[in-house]
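**Q** Need a 3D model of the sequence below.
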Amino acid sequence: MDAVTYPQDKVSLFISDHFVPVRIHTDDHPELTEKYRVPWTPTFVVLDADGTEHYRETGYLPPDDFLAHMNLALGRATFEEKDFSAAAGYFQTIVDRYGASETVPEALYFLGVCKNRMSGGTADQRRAIWKRLMDEHPKSDWAKKASFAFE
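**A** Predicted coordinates for the structure are as follows:
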């Protein structure tokens, strides 16, 4: 990550704009490695100010994949805080900018849920987004989770 991903301006700017990054050298801090369940490096753990974990990813990611995952992390965190409008923005960014990413099916799933919550519970927008999910990513676990809406 140090050689390829982090040096990219778009990555370093995104990190500084959205996170308070902390790098822990696992050999120097085994207590933190255990506390945050870090089995391998790199491991990215996204926590809120209270220390609640909202997202984690283990292993190297190229720059665009890393950014897709970090948008997913932000989307999941804001979704869990019930800020569905902000979460939808992060999920939409993944779909629009990182269409080849493996994060797209999950982003579409949660984008549908956000639209449903934002519309006061009507299913029309959710179903339209989930239809796209099922058409474009039919073998994904996220399509399986959305399939109940079409039975």
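
**Q** How about Ser85, nearest residue that isn't a chain neighbour?
**A** Leaving aside its chain neighbours, Ser85 sits nearest to Met118 (6.1 Å; criterion: Cβ to Cβ, 6 or more residues apart in numbering). Every residue, glycine included, has its C-beta placed from N, CA and C.

**Q** Any idea how many residues pack against that neighbour?
**A** Using other Cβ atoms under 10 Å, Met118 has 15 neighbouring residues.

**Q** which residues does Tyr36 contact?
**A** Tyr36 is in contact with 24, 43, 45, 53, counting by Cβ atoms under 8 Å, 6 or more residues apart in numbering.

**Q** Residues contacting the element among helices and strands of the chain having the smallest mean pLDDT, please?
**A** When the helices and strands of the chain are scored by mean pLDDT, DSSP states H and E, helix 30-35 comes last with a mean of 87. The set of residues external to helix 30-35 that reach it, using Cβ under 8 Å, 6+ apart, is 24, 26, 38.

**Q** and what of stretch 132-144?
**A** With Cβ under 8 Å, 6+ apart as the test, stretch 132-144 has contacts from 104-106, 108-109, 112, 146-147, 150.

**Q** Quick check: which of those has the minimum pLDDT.
**A** Of all the contacts of stretch 132-144, Phe150 has the smallest pLDDT value, namely 87.

**Q** quick one: that one from Ala88, how far?
**A** 21 Å (Cβ to Cβ, to the nearest Å).

**Q** Could you do Cys114 as well?
**A** Distance of Cys114 to Ala88, computed by Cβ to Cβ: 4 Å.

**Q** quick one: low-confidence parts of this structure?
**A** Within the chain, the stretches with pLDDT under 70 are 1-4.
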